[in-house]
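In: okay, here's the prediction I keep looking at, along with the sequence it came from:
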Amino acid sequence: MVEPDQERAFLLPLPVERLWGVGVVTAEKLHRQGITTVGQLAELEEATAEKLLGKATGAHLHALARLRDPRPVDGTRRRGSIGSQRALGSRPRSPDEIDLILTQIVDRLARRLRDGDRVCRTVTLRLRFGDFVKATRSRTVRSDSDRTSVLLAVARELLFAAQPEIAKRGITLIGISLSHLGRADSLQPELPIAWDDGARLDTVLDAVRDRFGAASVARAAQLGRDPGWSTPLLPEHE
């Protein structure tokens, strides 16, 4: 959290790579000129930054370094997808271990859906193999859902289909994203209604976690296992 009037103290000491739009090539150009921090970029004249990086890029990054950004903040637009991923390192992972990590990710995402009164239709599995090649697999379900059991079943099907490639090439990252989000109150129940679809269980577990903390209840398979990082999120606006 950056307190009011502390923006300069927060931003200027950061590595220049932390500015949005500074990639590997741009960073190398700046480093060759001895510019390694945002503050050093801010000390340049705008014309010098434009000459070094090109007119459009130089002007944009120089403005950001001096805390100027004319783009408006839209607090009414809701995100179109949510996701989470976990780096696995280079050591081999068993299918059971990968499934456990997948379950942890889907558990968190499904709860985020319900906390935001959202549902989704498309589940995407994101993988990075041992040779660092990335791949995605996705499936769109017939009806929008926020049920953990439904989303986990789809994610597991995608993972099962990718297991031959994982076994051959290894895996260094796994992630899930949920897209085609909609409002939960727009969900139309289908007939016949499946009363045992896990909705009651999800509701009870969410209530327990809200009151006693996210780690207060978990699947038995997850006990004593590293849950991975969970990134704090800003609330969505209506």
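Out: Yes, it's here. Numbering: from 1, shown residues only.

In: what about the helices in this structure?
Out: 7-11, 24-32, 38-43, 46-53, 55-65, 95-115, 148-169, 199-212 (DSSP state H).

In: in a markdown table: those, plus distance to residue 82.
Out: C-beta coordinates here come from the backbone N, C-alpha and C atoms, glycine included. Formatted as a markdown table, the helices of the chain follow (distance: least, Cβ to Cβ, whole Å):
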| stretch | distance to residue 82 |
| --- | --- |
| helix 7-11 | 27 |
| helix 24-32 | 28 |
| helix 38-43 | 29 |
| helix 46-53 | 34 |
| helix 55-65 | 26 |
| helix 95-115 | 6 |
| helix 148-169 | 11 |
| helix 199-212 | 16 |
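
In: what's the closest of those helices to residue 130?
Out: Evaluated over the helices of the chain, closeness to residue 130 peaks at helix 148-169, with 5.1 Å, by Cβ to Cβ.

In: any buried residues in the closest one, and which?
Out: Residues of helix 148-169 classed as buried by neighbour count (16 or more other Cβ atoms under 10 Å): 148, 150, 151, 152, 154, 155, 158, 159, 162, 166, 169.

In: can you tell me how far the fourth one is from residue 103?
Out: Counting by Cβ to Cβ, to the nearest Å, the separation of residue 152 from residue 103 is 6 Å.

In: then the first one?
Out: As defined by Cβ to Cβ, residue 148 lies at a distance of 9 Å from residue 103.

In: contacts for stretch 13-22?
Out: Contacts with stretch 13-22, where a contact means Cβ atoms under 8 Å, 6 or more residues apart in numbering, come from 27, 30, 35-41, 57, 60-61, 64-65.

In: if the closest residue to residue 128 other than its chain neighbours is in a bridge, with which residues?
Out: In this structure, residue 128 finds its nearest non-sequential neighbour in residue 173, 3.7 Å apart by Cβ to Cβ, 6 or more residues apart in numbering. Legend: beta-bridge partners of residue 173 under DSSP bridges are residue 87, residue 128.

In: ok, residue 173 to residue 162 distance?
Out: Relative to residue 162, residue 173 is positioned 13 Å away (Cβ to Cβ).

In: identify the contacts common to those two.
Out: Each of residue 127 lies in contact with both residue 173 and residue 162 under the rule Cβ under 8 Å, 6+ apart.
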